[in-house]
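Undergrad: the sequence and its predicted three-dimensional model are supplied below.
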Amino acid sequence: MNKSPKVVFSETLENASWNNTKLFKGGLIPEVKKLKSESGPDILIFGSGKIISQLASEKLIDSYMIVVNPLVLGKGRTMFEGIPEMQDLKLTNSKSFKIGKVVLSFEPA
């Protein structure tokens, strides 16, 4: 992980001190479009529902990998909060584990 290039989008951080990390202070959509046009490894997003919502609204996400944990919280936020329109997803793969977790892979339909 330390050797991999990383990008952080933040409105509050002054610098990104983690190895091989670039900090962007704004312009999420244009920067991601630029990153997607460059050659290199796939872009992965860990967490950040706010970023995922913005990128999904612009149809910039090529695939989703969702881990389902068998836990009921009783309240919380939707993963796709803020996406203005419904987007159909097609299941491309699924894997279940003995501990109850399930990994689901989707692509936009």
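TA: Yes, it's here.
Undergrad: residues contacting the one residue sitting closest to the centre of the chain?
TA: Nearest to the mean C-alpha position of the chain, by Cα atoms, centre = their mean, lies I45 at 3.3 Å. Residues in contact with I45 (Cβ atoms under 8 Å, 6 or more residues apart in numbering) are 51-52, 55. In short, each C-beta sits where N, CA and C put it, glycine included.
Undergrad: just to check, I43 is in contact with K34?
TA: No - in this structure I43 lies outside contact range of K34 using Cβ atoms under 8 Å: 11.2 Å.
Undergrad: residue furthest from the geometric center of this structure?
TA: What lies farthest from the middle of the chain is K98; by Cα atoms, centre = their mean that is 25.6 Å.
Undergrad: which among the contacts of I45 count as buried?
TA: The neighbour-count criterion (16 or more other Cβ atoms under 10 Å) marks 52, 55 among the contacts of I45 as buried.
Undergrad: that older thread, ok, now how distant is the residue farthest from the centre of the chain from S105?
TA: 19 Å (Cβ to Cβ, to the nearest Å).
Undergrad: what about the spatially closest residue to L13 that is not a sequence neighbour, neighbour count?
TA: In this structure, L13 finds its nearest non-sequential neighbour in L23, 6.0 Å apart by Cβ to Cβ, 6 or more residues apart in numbering. Counted with other Cβ atoms under 10 Å, residues neighbouring L23 total 15.
Undergrad: check which helix or strand covers L23.
TA: Using DSSP states H and E, L23 sits in strand 21-24.
Undergrad: next, the nearest residue to P84 once chain neighbours are set aside: phi, psi?
TA: Among residues not flanking P84 along the chain, S57 sits closest, at 6.1 Å (Cβ to Cβ, 6+ apart). Dihedral pair for S57: phi -60, psi -30, per degrees, to the nearest 10.
Undergrad: quick check, S57 in contact with E81.
TA: No - counting by Cβ under 8 Å, S57 stays clear of E81, with 11.2 Å between them.
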